[in-house]
Each structure stands twice: as C-alpha cells, then as structure tokens.
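Q: Sequence below, structure please.
(chains A and B)
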There are 2 protein chains.
Amino acid sequence: MAVEAELKIPNATAKRIPLYYRYLRTLAESNVERIKSQEFSQLIQIPSATIRRDFSHFGELGRSGYGYDVSYLIEVFGHILNTQVKKPLAVVGAGDLGKALAKNNFRRNDNLQIEAIFDNNPEIIGTMVNGIEVQSVKDFSKVIKAKGITTAISTVPSKYSQDAVNHMVEAGITAILNFAPGRVTVPDNVKVQYIDLTTELQTLIYFDENFSSNHQFNFSNQ
Amino acid sequence: MAVEAELKIPNATAKRIPLYYRYLRTLAESNVERIKSQEFSQLIQIPSATIRRDFSHFGELGRSGYGYDVSYLIEVFGHILNTQVKKPLAVVGAGDLGKALAKNNFRRNDNLQIEAIFDNNPEIIGTMVNGIEVQSVKDFSKVIKAKGITTAISTVPSKYSQDAVNHMVEAGITAILNFAPGRVTVPDNVKVQYIDLTTELQTLIYFDENFSSNHQFNFSNQ
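A: Numbering: from 1, shown residues only, chains lettered A, B, ... in the order given. As a prediction, this is how the structure comes out:
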C-alpha cells in the first residue's frame, strides 16, 4: 500500500499524511465526526485549498456543507501509514528505556517487532529482556544483516549519540528513532526521527501556565 | 518571563511558539544560520505574513533580503518556553519507563525535577529509584499537595489510563504528559500532551519507505 500510495499521490501530499493523521485522531478522540476543510485548515495551519486538493487524491471524500468524515479519513491514512510488511527492529541501549520499549514492543502494530537488543556493558550483555538476549554492539552489523533489520531505536545518551548512529548507519540502518534530542549528522538516505521529552514537557507546562482553554493537544496540534 | 510573554504577545502568537521553536532547532542543527520568512513559511506551513507578524512582537528581528537570525530566535523562544520557576514533577507508574524517566530526570532543564514516584504494585512500593522512594498511589493526593506538584507524567498502560488520569485530576494535577496514546477526557483546565511512540515509529518507517530526500525531520517537521 505504501508503494501504491507513492505511485498515485504527489510527494507533497504524501508528506502531509502523518500530520493529517495525528490531527484527525485527536479530533476523533474528542468525538468530532465530521470536519470542513476550512475548520481543519484553521486547526492544522495548512491552506484549505491544499487540504481539499490533498484529500481529493483519496476519492470523493468531502461534500459541500457537510465536510469530511473523520473516521473514514483516519482509516485511509492509517492504512497508508501502517507498514504493510513485517518490520524487524533493533534497540540500541538496554537500559531502563530500552527495556521498557522491548517489553511494550509496539503491540498496537503487529508488523513492528523488536527482534534484537544491543548494549556495550559486559554486565548487561547476555541478560534476557522479554525473551530476547542482549547482544554486544560489536555484533550489531552481523546480527542486523542476518535478521534483515534496517530500522533501529537508539536510547544511547546524547554524548554518545552521534558515534552510535555512525555505527548503525555503517551497518546498514536507514531509519532511526532517536531518544537523544541533539541532532545527528547522517547521509541523505538515512531518516532520523527524534523523541525530545524535555521539549514535550516544557511545551506542556508552557500551555498549562499560559492558556486555560484548548485543553487537548499533541505534538503537532499547537 | 512566561507571564510577561502572555501580557505582551497575542494568544494566537504565543500558541505558535512551541512549533517555531522545534523547527528552528532542527534548522540550527542542520547548520542553517538565517532563514527568510518565505522559506520558513514553506517549511512550517504557516503563511509568511503570519510569521512576520508573530516575529515582530519580539522586536526588529528580520531584515529584508537577509532573513531572521536562527540562533537569536531559538534563544528568545527557548527563554519563553523554559519555565522560569521550579516545577516539581510526579511520575505515575514505576515500571521500566517510569524508572528511565526518573533516572534521566530532564537534566537539560534545571527547573524540571521529578520529586515523587507512584505505583500500585505492593512489590514496587517502598523501593528506591534514583534516590526517590516509590509511594502508593493511595497517597498520591496527600503527597502532591504537600510538595506543590501540579504536573504529572503518566506511564500507566492504556487500559488504565483514563482511571489514572481521573485520579490525578481529582488530586489537583493540571498538566499531564501521557505515554498512553489513547485520548483521555479531562476538564477544560487540565492539559494533556501525548507521547505516541507507535505513531512516531510508523511515521519514520513511512518516510524511510517512501522518500529518499528530506532526511532530517522531527515530530512537527513533516
């Protein structure tokens, strides 16, 4: 479906799908069933003409004066976003955060599965986390090639983050979810997505201190 | 400074500051020193006239044909976002994720400090995490009132998330960082920010599978 979507819809539209998906989920959880392009435009800060053009690629979804069906759009965009092939994942760093990720293991999506965990601490290497043995980072390249892993989650602390990422990229990783917020340098073919919990918390407190309405928001919904 | 900002700048502008801040940090880490409002507009999908008007509230920052100084804006917006008062925090759920948060403890911001950790598991209650004793959720209300805590981080699993949030809100919590992505219902005076790791990972894989350029992006930069 991802390839199919790539063939049929423009790149600019495809890149906005994750953003649309986030906002639509927030709306659905607030029990909003329909939304007009004008309202959605105000919420998401994308011109309503762009929204209508983007949505038109997915068929005749909106009706004049009625708006778009939120749950239908969530289904369509969720299907596009949900990788349709199995994606084995590696976790680098088997501390508390790495262990938490391995135990949770993205249960919401059957295609996402942590299959290898790495650390450089001899006391941790060889221990088991959720049925997976922690392996040495020295074996990273060998293991991910054998398992066909190209996506990694890094819980390596900030000061070692770039080194760890270099190591992952050399081994063939092309997508990294990074819990160290400092930006790392990677080749153009490698994608990095950052989880910056301090900024998330600061944003939450900022809104709590300064605004009394608009109580439900998420990453992009600000 | 947060209060000062609230007095001087319009609400609509203030609400866009976290978004501006995220994008500017991404630009800085990509070694972008200056950006024109037109370029920033394309990146962030907010009209350039809105950006220029917003930025004008912070003084004469941009010059025609030269653009805005990225590091200066980061400093200004970072100062506004960075809570200027000590914010004691509570963590609810002392599993691996709760422990990881307590040990990391938002070191990047001296004003954010986890001062209490709660769980409902008798085997965990009484154990120490990073020098803090895990307390019973039964004592939540008493403890947070004594410590003046109004911000909580919930690592409670999705199916208990609403119950846990109800309990926190009743006790006086007004800001919640929630690691369970399912939307919860809260009163208008309570803010909830969600960390949805499955969607983050799906988005990363989606971009990795479908796009070969635009390699650096974060939550909002899509």
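Q: Extract the CA atoms of the strand or helix carrying A:K15 and return them as PDB.
A: Per DSSP states H and E, A:K15 falls inside helix A:11-29. Taking C-alpha atoms only, helix A:11-29 is exported to PDB below (Å, rounded to 0.1, in the frame of the first residue of the first chain):
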ATOM      1  CA  ASN A  11       5.100  13.600  -2.800                       C
ATOM      2  CA  ALA A  12       4.000  16.900  -1.200                       C
ATOM      3  CA  THR A  13       0.600  15.300  -0.400                       C
ATOM      4  CA  ALA A  14       2.200  12.100   0.900                       C
ATOM      5  CA  LYS A  15       4.400  14.100   3.300                       C
ATOM      6  CA  ARG A  16       1.400  15.700   4.900                       C
ATOM      7  CA  ILE A  17      -0.300  12.400   5.600                       C
ATOM      8  CA  PRO A  18       1.400  11.800   9.000                       C
ATOM      9  CA  LEU A  19       0.300  15.300  10.100                       C
ATOM     10  CA  TYR A  20      -3.300  14.900   8.900                       C
ATOM     11  CA  TYR A  21      -3.400  11.500  10.700                       C
ATOM     12  CA  ARG A  22      -2.300  13.000  14.000                       C
ATOM     13  CA  TYR A  23      -4.900  15.800  14.000                       C
ATOM     14  CA  LEU A  24      -7.700  13.500  12.800                       C
ATOM     15  CA  ARG A  25      -7.000  11.100  15.600                       C
ATOM     16  CA  THR A  26      -7.200  14.000  18.100                       C
ATOM     17  CA  LEU A  27     -10.500  15.100  16.600                       C
ATOM     18  CA  ALA A  28     -11.900  11.600  16.700                       C
ATOM     19  CA  GLU A  29     -11.000  11.200  20.400                       C
END
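Q: Give me the pLDDT for the residue located most distally from the centre of chain A.
A: Farthest-out residue of chain A from its mean C-alpha position, per C-alpha atoms, centre = their mean: A:G65, at 33.6 Å. At A:G65 the predicted local confidence, pLDDT, stands at 72.
Q: picking up where we left off before, for the helix holding A:K15, which positions count as buried?
A: A:13-29 (16 or more other C-beta atoms under 10 Å in any protein chain shown). Just so you know, the C-beta spots here come from the backbone N, C-alpha and C atoms, and that holds for glycine as well.
Q: just to revisit the earlier point, helix, strand or coil: sort out the residue farthest from the centre of chain A for me.
A: Secondary structure for A:G65, judged by DSSP: H, G, I helix; E, B strand; the rest coil, is coil.
Q: where does the residue positioned nearest the centre of chain A fall, phi/psi-wise?
A: In chain A, the C-alpha nearest the mean C-alpha coordinate belongs to A:Q193, at 7.0 Å (C-alpha atoms, centre = their mean). When quoted as degrees, to the nearest 10, the phi and psi of A:Q193 stand at phi -120, psi 130.
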